[in-house]
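Chemist: turn this into a structure:
(one chain, ligands or ions: 1)
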Amino acid sequence: MAAPKTGNTASLYIHVPFCAGVCDYCDFYSIPVLPRDSRLHTYPEALLREAEVRIEEFRLSHIPTVYIGGGTPSLLGAGGMGRLLSGLWKLWKQEGIQGPGEITLEANPESADEAFLKTCRDQGITRLSLGVQTFHEPSRRAVHRVGAGALLQERLGLVRDIFGRGFSGDLITGLPGQDEEILRRDIDRLLSYEPGHVSLYALTVEEGTPLAAGGRERGLPEPDRADALWIAGRDRLEQQGYGQYEVSNFSLPGREARHNIRYWRMENWIGLGPGASGTLIDDARARGRRFTVNPDVDAYSAWARGKAGELLFWEDLDRLTLMKETLLMGFRYCRGPDAALFRQRFGMDMESGIPQTIARWRERGLLETGPLALTKAGLLFLDGFLAEAFRELEARGALA
Ligand code: SF4
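Modeler: Below you'll find the predicted structure:
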């Protein structure tokens, strides 16, 4: 094992861009595959090759957290996921890198069988994030979500046995055919498996998705109705002891997602796999750089086999952009942006950047009077708050 080295700290996001079908609301980079698709088999080694290159390129010495998302990472199966995880641990050891304290894996219940779940636990996955969305069959069918409610429940039982409370369940509100009673039943059923964490997402109709074409005809609720549904879900979760700590995330004490908190604080992360992105911040210069990995699985595989060519597309984040993104991500978090980090990064307090926005939102009771954070009611108007804050920052030229 190499001696521990000094270098950069960054989390890793690993993208697995394969799915068993296409959900109508999805706008992630993912391609539908059959179980025997050879790309599923070769993908772990391609990722390991890229991990090795990026660790060297970005001089990483500490990886605090890892998130394996998709797509549907569980489609790699126990064999593929085992090769990926054992390969990563071997690489970290070989490079003298301080390995992660949290590794999250996204899984869809239908492809997360017992062998897969046990392999993940044995290879160091500490959090499983399970895409439940809804147990209500008509709502699942209306958006072409694969999987069936009965299998979902069987798999949740397995996850509970293997990971204890170390898992999160995702639910979606605003689905066709959903009402408050159906949502309450979804939440109660999920909580009966005792997850440590729940994500409650309001369905958004993204441009270019099948849902955007003809959503109304499928019985999507009107916007006010959809908002009321999400609020009812939030209140139910909080009644049951799951505290909201971010716009869409709730947890039991101590079960917050550390990887995501690093995103909300705009700390370095590196993305691996087609469609993934990475952001590297230079705090001393209040600038950043972002890359996106070419969203093309075949070009990616060719690169991993040694074909020359550029895989990363880069963009610069200037001071104003970085400041806006720091606010955008930070105010999602119920504790608000990290004031000390903001000061260190930009050489000024947030109060000097957006004093009028802060005064107006405090007056309306939508911003806390202590640390700079939106109140529970204020979080519902996050977009409006950010629009005002950005206008003020632009008018001030971000006090460059
Ligand atoms: S499973 Fe997830 S990534 Fe795949 S199509 Fe559905 S929403 Fe998109």
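Chemist: ok, the residue most central in space within the chain - contacts?
Modeler: Geometric centre of the chain, nearest residue: N260, 6.2 Å, by C-alpha atoms, centre = their mean. Neighbouring residues of N260 by C-beta atoms under 8 Å, 6 or more residues apart in numbering: Y67, E246, N249. From N, CA and C alone the C-beta is placed, and that goes for glycine too.
Chemist: partner residues bridging the second one?
Modeler: It refers to E246. N249, Y333 (DSSP bridges).
Chemist: what is the nearest of the contacts of N260 to T375?
Modeler: E246 (14.2 Å; C-beta to C-beta).
Chemist: the closest one and Y333 touch, don't they?
Modeler: Yes: with contact defined as C-beta atoms under 8 Å, E246 reaches Y333; the gap is 5.3 Å.
Chemist: what touches both of those two?
Modeler: In contact with both E246 and Y333: W264, using C-beta under 8 Å, 6+ apart.
Chemist: quick one: is stretch 173-182 near the ligand?
Modeler: No: remark: stretch 173-182 sits outside contact range of the ligand, by C-beta under 6 Å from any ligand atom, the gap being at least 12.5 Å.
Chemist: again, but for stretch 193-209
Modeler: No: in terms of C-beta under 6 Å from any ligand atom, no part of stretch 193-209 sits within range of the ligand; the closest distance is 9.3 Å.
Chemist: of all the residues in the stretch 201-350 of the chain, which one is nearest the ligand?
Modeler: Relative to the ligand, the nearest point of the stretch 201-350 of the chain is T209 (9.3 Å; C-beta to the nearest ligand atom).
Chemist: start to end distance for stretch 46-66?
Modeler: 17 Å (C-alpha to C-alpha, to the nearest Å).
Chemist: now do stretch 185-205
Modeler: 24 Å.
Chemist: ok, stretch 372-384 next?
Modeler: First-to-last residue span, stretch 372-384, C-alpha to C-alpha: 16 Å.
Chemist: buried sites along that stretch?
Modeler: Within stretch 372-384, the residues that count as buried by 16 or more other C-beta atoms under 10 Å are L372, A373, L374, T375, G378, L379, L380, F381.
Chemist: and the gap between W269 and A150?
Modeler: As judged by C-beta to C-beta, to the nearest Å, W269 and A150 stand 37 Å apart.
Chemist: just for the stretch 201-350 of the chain, where's the confidence low?
Modeler: Within the stretch 201-350 of the chain, the stretches falling below the threshold (pLDDT under 70) are 214-218.
Chemist: sorry, back to before: got the buried residues of stretch 372-384 as TSV, with secondary structure, pLDDT and distance to the ligand columns?
Modeler: What follows is those, written out as TSV (DSSP: H, G, I helix; E, B strand; the rest coil; pLDDT from 0 to 100; distance: C-beta to the nearest ligand atom, whole Å):
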residue	secondary structure	pLDDT	distance to the ligand
L372	coil	96	34
A373	coil	98	30
L374	strand	98	28
T375	coil	97	31
G378	helix	97	29
L379	helix	97	24
L380	coil	96	24
F381	coil	97	27
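Chemist: farthest pair within those?
Modeler: Comparing the members of the buried residues of stretch 372-384, the greatest separation, given C-beta to C-beta, is between L372 and L380, at 17.4 Å.
Chemist: ramachandran angles for I55?
Modeler: With angles defined as degrees, to the nearest 10, I55 sits at phi -60, psi -40.
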